[in-house]
Every structure is written in C-alpha cells, then in structure tokens.
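A.B. asks: below is the sequence, then the predicted model.
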Amino acid sequence: MRRSEALSAGGTFLASPARGPFVRLMISAHALPAPPGAPRPVVVSFTDITARWHAEEQLRQHKAELAHVTRCCLVGEMAAVLAHELNQPLTAVINYCRGSALRLRAGTGGAAEIVEGLDLAVAQAERAAGIIHRMREFMRKREPQRAAAPINDVVGDALALVGPELRHHGIRVVPRLADQLPLVQADRIQIEQVLLNLIRNAAEALTSLPVIERRIVIETALAGSSVCVRVIDSGPGFDAEGLRRVFEPFYTTKKQGMGLGLTISRGIIEAHGGRLTLAPAYPRGAGFSFTLPVTTDPPVPAPDEGAG
Ligand code: ADP
C-alpha cells in the first residue's frame, strides 16, 4: 500500500442520531505532516451529505422513469408491425389445429400425422409467446441491474424485437459480430434500448432510399479494455447543423419525433462508463458507435432465459 493511501481514508456511512431520521455522513481522515519520528496528527471530518444524496437518488429515479417511458413509446411505435408479426404464428396455430381436428373427425390420417400437426401448432404458439415475452421484458418497469453480459447476445435480442419492422421496410441487416469478445458490465435492457434507438433511427433514415440500397451494418469489436458496438447506415447522413445538434435534447427532424432518443441513449452509455459518438459513414450515411467497459465477472442468465 502506498504511504498516501495508508494515511488518508474516507467513506460514506448511515448514522442514526439519538432522535430524528437517519442521516448520511461522509467521513474523511487525513494525516498532517509531522517532524520525523513524531506521531502524525490526524484530522477527521464529518460532512452531512443527506440532502445531496437524496437529490442524486431522485435524479437517478427520474432518469430511470424517463428511460422506461421512452421504452414504452418505442414499443408503441412498433405496435402495428409487432401485431402483424404475432398474427402469423397465431394463424398457423389455427390452421394446424383445424387440420388435426378435421383428420380426427373424418377418421383419416394416422395418430402420428395428427401428433405432428399438434407439435407444429405448439411450436408456433411458443413463437408467439416468445414475441410477447420479449416485449413485456423490454417494457417492464424495473430497477436498473448491471451484470456481466455477452454483447453479441444483446445485439441479437434487439434484432429479434426490431427485425419485423426492418423486414417490413425491406431493410437488410449485415451483422459483423466479433467472436470471443469478453463480457461487458451492462444492464441488458438499457443497452437493448440504446440499440433499438440507433437501429430504428438508421431504418428511418433509409426509407428515403430505393429498397435495394437499404442496409444497416452492425459491428462489434474489442477496443482496448472496452467493447465497441457500431450501427452504420447508408442513409443521407447529417448536415452540419445535424452533426452539431444531434445529441441535444429535443432536437428532431421528424414530424412525430421527440428528439430524446439519442439524449437518453448517451446518458445510458455514459452511466455505464462508456461513450456514444457519431461519425459520418463512407461513402454516405451515419455511423453511431458506443463503448462499454469489459468485465471479468461471471455471466448471469439473460432476463428471458428459462422463461416460457
Ligand atoms: P427522434 O428520433 O425522436 O427525432 P433522436 O434523438 O433519436 O430523436 O434523433 C434526433 C435526430 O437525429 C432525428 O430526428 C434525426 O434527424 C437525426 N438522426 C438520428 N439518427 C440518424 C441517422 N442514422 N441518420 C440520419 N439522421 C439521424
């Protein structure tokens, strides 16, 4: 241990005075210089940081609530396409069940054929349940929870939610995901929210292009002690004003836009100790990148793992 570390210390503590509510104290101790061989005097100070702590706690809660509201808005915007996506497996379930019932009534087809029809119906029902489960997980109001997570899986979760919308607009996704990346310390739902924001913004920028040119590249790579994620589109990109203002709260060029997506995304990434930046893409388009610090903690199961 270095000498300076041994001689100064600090921390925050909850203290309960004889009467009245708990207060939060910051306690710090510093050793003062002394002649060689003489005992060093120590100054210990107690600062009441209760008010600051409450203000910070309130700010953190407001940020989490805002992120939750915008997640619900995101799903609301995707509702029409998600409903369509849900309709497909449900129609398939009806058809497989009807086919099996017809065979049973008519006495045609063996048991194996009927069981096969029912198995197919179950698989489609599970697909529909999976879509609903992903949506509910994403919208759930919850305390932010960080844990070690594989970033490529988080990209996969985001693509599973936004995939139907991309297909609807004829947008091709080109994943370039690095193998064997270390885990990142992240709240999976919040990072999924950032990805959804970037991917949906990219998709919206691409709708002005002919279908054949609509392409989003999603890259993951190791960058020093962080993992970097890039979402690159071949849309019109930004003019000088857009480049300057894109992360400003309420900056939007969309009729229905709130201009909060990138502000909230940047807040989420910075709270994770990373950075969200924008760079023009070559030969045209926008490339948003964010970093997340890697962790050596063991992985924990994803929120939807093991759920029915
Ligand atoms: P909103 O989507 O509600 O407008 P955002 O903060 O997500 O809010 O985006 C702010 C603005 O940045 C958008 O209105 C759009 O003008 C611009 N923008 C974001 N992503 C892109 C992109 N990939 N290509 C071009 N412009 C973009």
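C.D. replies: Structure's in. What do you need? Numbers count the residues shown, from 1 in each chain.
A.B. asks: low pLDDT regions in the stretch 201-308 of the chain?
C.D. replies: By pLDDT under 70, the low-scoring segments of the stretch 201-308 of the chain are 299-308.
A.B. asks: run the last query once more with 80
C.D. replies: For the stretch 201-308 of the chain, residues meeting the criterion pLDDT under 80 lie at 297-308.
A.B. asks: got the residues of it near the ligand?
C.D. replies: Taking Cβ under 6 Å from any ligand atom, the part of the stretch 201-308 of the chain that reaches the ligand is made up of 201-202, 205, 233, 235, 238, 242, 246, 251-254, 257-263, 286. All C-beta spots, glycine's among them, are computed from the backbone N, C-alpha and C.
A.B. asks: just the buried ones among the residues you listed, please.
C.D. replies: Burial by neighbour count, judged by 16 or more other Cβ atoms under 10 Å, picks out 201-202, 205, 233, 235, 238, 246, 251-252, 260-263, 286 from these.
A.B. asks: how far away is the residue with the shortest distance to the centre of the chain from residue 217?
C.D. replies: A centroid search over the chain (Cα atoms, centre = their mean) returns residue 191, at 1.9 Å, as the residue closest to the centre. The gap separating residue 191 from residue 217 is 18 Å, by Cβ to Cβ, to the nearest Å.
A.B. asks: same thing with residue 105?
C.D. replies: In terms of Cβ to Cβ, residue 105 sits 52 Å off from residue 217.
A.B. asks: compare the two (neighbour count), which wins?
C.D. replies: residue 217 (18 against 8; other Cβ atoms under 10 Å).
A.B. asks: can you list contacts of the helix or strand containing that one?
C.D. replies: Assessed by DSSP states H and E, residue 217 sits inside strand 215-223. With contact meaning Cβ atoms under 8 Å, 6 or more residues apart in numbering, strand 215-223 is reached by 151-152, 155, 159, 166, 171-178, 181-182, 199, 202-203, 206, 227-234, 291, 294.
A.B. asks: send the alpha carbons of it over as CSV?
C.D. replies: The C-alpha atoms that make up strand 215-223 are tabulated as CSV, following Å, rounded to 0.1, in the frame of the first residue of the first chain:
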residue,chain,number,x,y,z
ARG,A,215,-28.7,-1.7,-45.5
ILE,A,216,-27.6,-1.5,-41.8
VAL,A,217,-24.3,-2.9,-40.7
ILE,A,218,-24.0,-3.8,-37.0
GLU,A,219,-20.4,-4.4,-35.8
THR,A,220,-19.0,-5.5,-32.5
ALA,A,221,-15.3,-5.4,-31.8
LEU,A,222,-12.8,-5.2,-29.0
ALA,A,223,-11.3,-1.8,-28.4
